[in-house]
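Visitor: When you get a sec, could you give me coordinates for this:
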Amino acid sequence: MNSIILLSFDLEEFDIPEEYGEKIEDTVKMEISYKGLKEILQVLARLNIKATFFVTARFAIYYKPLIQEISQKHEIASHGFEHCNFRLEDLKKSRQTLEEITSQKVLGFRMPRLQKVDDTEIAKAGYKYNSSMNPTYIPGRYNNFFKPRTAYYSNNLVNIPVSVTPLIKFPLFWLSFKNFPLPLIKLASQLTLKNDHYISLYFHPWEFTDITHFHLPNYITKYSGKKMVERLEKYLIWLQTQGEFVYFSEFYETIRR
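Guide: Take a look at the predicted model:
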């Protein structure tokens with residue numbers, strides 16, 4: 001079996017400063033993510049790599065033509081209606097909004113901040129897969145250390161967790177990528193690919209904009225902007241030698257067979 005690489009980006013309003021008490025205008029929230037998104041799209045085009053974008057309906061409405069353009073080359077999935085608030089009805093409403101904008105079926109969902117949400121409700125809202133769980137322990141956020149590490153069925157829904165390494169469950173997500181040396185990230189990725197034959201990764205477009213002027217902890221602003229773009233490109237070039245990039249929806253099809 002060839003190794004599979006699931007690359008994803010959570011395309012949302014840049015609201016993380018508000019978690020740290022810094023209010024910012026809505027237009028700034030959108031522009032920060034938009035600038036990073038443009039950088040990412042250039043990298044993906046240069047390397048001819050496809051990805052899955054989990055998009056809030058609010059961002060998609062704000063940048064409708066751009067989301068329509070992205071949907072021609074990449075998969076669009078739902079990241080809820082808006083990033084800072086969640087209501088149960090948003091599950092269906094965000095899917096319908098994204099489908100109207102892209103004229104394509106939206107099969108996947110990822111909850112903002114990977115908060116818990118009932119699988120039954122996600123399936124009832126018309127989704128086929130859910131990628132809202134990081135099966136490890138992140139202090140102050142969540143403790144999913146004893147939950148399944150690889151894709152599994154739950155309530156008629158395929159769950160595709162964020163990848164962590166076998167045994168110690170070292171998380172292969174955006175904060176690790178920012179705060180650990182690239183050789184360590186490559187080694188952890190290689191171990192996971194060898195064991196699971198696939199890897200599920202996620203980043204945010206705002207990481208690729210310079211956010212050092214916001215009042216955020218260093219572990220969030222580290223490697224932002226151009227430094228992060230260069231770091232991602234080096235990693236993706238290496239990943240191209242390790243396996244094939246596929247959409248989450250394509251991976252879902254292989255799991256449900």
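Visitor: C-alpha only now, for contacts and for neighbours.
Guide: Noted.
Visitor: Mind giving me the packing neighbours of the top helix by length along the chain?
Guide: With residue count as the measure and DSSP state H as the assignment, the chain has helix 26-47 as its longest helix. Helix 26-47 is packed against helix 226-239, with contacts defined by 3 or more CA pairs under 8 Å, 6 or more residues apart in numbering; DSSP states H and E.
Visitor: Can you tell me which helices and strands the helix it packs on packs against?
Guide: Using 3+ CA pairs under 8 Å, 6+ apart, helix 226-239 is in contact with helix 26-47, helix 182-196.
Visitor: And the helices in the chain?
Guide: Using DSSP H, helices in the chain cover 16-19, 26-47, 57-62, 64-70, 90-102, 119-124, 174-179, 182-196, 218-221, 226-239, 248-256.
Visitor: residues making contact with the third one?
Guide: Residues from elsewhere that reach helix 57-62, judged by CA atoms under 8 Å, 6 or more residues apart in numbering: 11-13, 30, 67, 78-82, 94-95, 97-98, 101.
Visitor: quick one: low-confidence parts of this protein?
Guide: Counting by pLDDT under 70, the low-confidence segments of the chain come to 1, 257.
Visitor: remind me, longest strand of it?
Guide: Longest strand in the chain by number of residues, with DSSP state E as the criterion: strand 4-11.
Visitor: Kindly format the C-alpha coordinates of that one as CSV.
Guide: Only the C-alpha atoms of strand 4-11 are listed here, as CSV (Å, rounded to 0.1, in the frame of the first residue of the first chain):
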residue,chain,number,x,y,z
ILE,A,4,-1.2,8.6,1.8
ILE,A,5,-0.8,12.2,2.9
LEU,A,6,-3.8,14.2,4.0
LEU,A,7,-2.9,17.8,4.1
SER,A,8,-5.5,20.3,5.4
PHE,A,9,-5.9,23.9,6.3
ASP,A,10,-8.5,25.4,8.6
LEU,A,11,-9.7,28.5,6.8
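Visitor: Tell me which strands it pairs with, and in which orientation.
Guide: Take DSSP bridges as the rule and strand 4-11 pairs in its sheet with strand 52-55 (parallel), strand 198-203 (parallel), strand 244-245 (parallel).
Visitor: could you check the angle helix 182-196 makes with the longest one?
Guide: What separates the directions of strand 198-203 and helix 182-196 is an angle of 140 degrees, with axes from the mean of the first three to the mean of the last three CA atoms, to 10 degrees.
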